[in-house]
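# just the structure for this:
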Amino acid sequence: MMRTSAFTAATAGAVIVLSAITAPAALAEPSPVGCEKEYFCVFERPGQTGHLMVKAKGNWTGSIDGQSIFNNGTTHPNADHVQVTYTYRGNTYEKCVHNNPGPGEYKMDFTEGVTFKKATWRGECGPDE
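Here you go, the predicted model:
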């Protein structure tokens, strides 16, 4: 597993994460096509478009290429954020993603070549995760 500081440095150098979007705490964003409330989803293309590659209501492990994610989980103590593990150019990274509508990142776009390996439901993300 990689520490947060290493993730941050790698992200800055490799520009793995292309964008992160947050919304005001009171306004939930509409669900992306196929990714209903209570699910974490991986999409083929940026902007939660293309084929829905992963739709997980519980923890997921596998190996799937994709370019965007969306945490559409519902508020639940210790189980509404998702720890995402992915690889890019032979390196492994982790990122904690808040649930829609945040606060914090609940959807992200990635550069081509990212392979998602694991999504684990967990509690609150730390400030640097």
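# now do the strands in this structure.
All strands of the chain, identified by DSSP state E, fall at 17-21, 40-45, 49-56, 60-65, 68-71, 81-88, 91-97, 107-110, 115-122.
# which one of these lies closest to residue 31?
Residue 31 lies closest, by C-beta to C-beta, to one member of the strands of the chain: strand 68-71, at 8.1 Å. (Glycine included, C-beta is placed from N, CA and C.)
# could you give the average pLDDT over that closest one?
The predicted model gives strand 68-71 an average pLDDT of 98.
# strand partners (parallel or antiparallel) of it?
strand 40-45 (antiparallel), strand 107-110 (antiparallel) (DSSP bridges).
# could you dump those strands to a markdown table with mean pLDDT and mean neighbour count?
Formatted as a markdown table, the strands paired with strand 68-71 follow (pLDDT from 0 to 100; neighbours: other C-beta atoms under 10 Å):
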| stretch | mean pLDDT | mean neighbour count |
| --- | --- | --- |
| strand 40-45 | 98 | 22 |
| strand 107-110 | 97 | 22 |
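# mind checking which of the strands of the chain is nearest residue 128?
Ranking the strands of the chain by proximity to residue 128 (C-beta to C-beta) places strand 91-97 first, at 9.3 Å.
# what packs against that closest one?
Under the contact definition 3 or more C-beta pairs under 8 Å, 6 or more residues apart in numbering; DSSP states H and E, strand 91-97 sits against helix 4-14, strand 81-88, strand 107-110.
# isn't residue 53 right up against residue 66?
Yes. In this structure, residue 53 is within contact of residue 66 by C-beta atoms under 8 Å, at 4.7 Å.
# could you tell me which residues touch both of those two?
Overlap of the contact sets of residue 53 and residue 66 (by C-beta atoms under 8 Å, 6 or more residues apart in numbering) consists of 42-44, 116.
# need the residues you listed in CSV (columns: distance to residue 86).
Formatted as CSV, the shared contacts of residue 53 and residue 66 follow (distance: C-beta to C-beta, whole Å):
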residue, distance to residue 86
42, 9
43, 13
44, 14
116, 5
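# between which two of these is the distance greatest?
Farthest apart among the shared contacts of residue 53 and residue 66 by C-beta to C-beta are 44 and 116. That separation is 11.3 Å.
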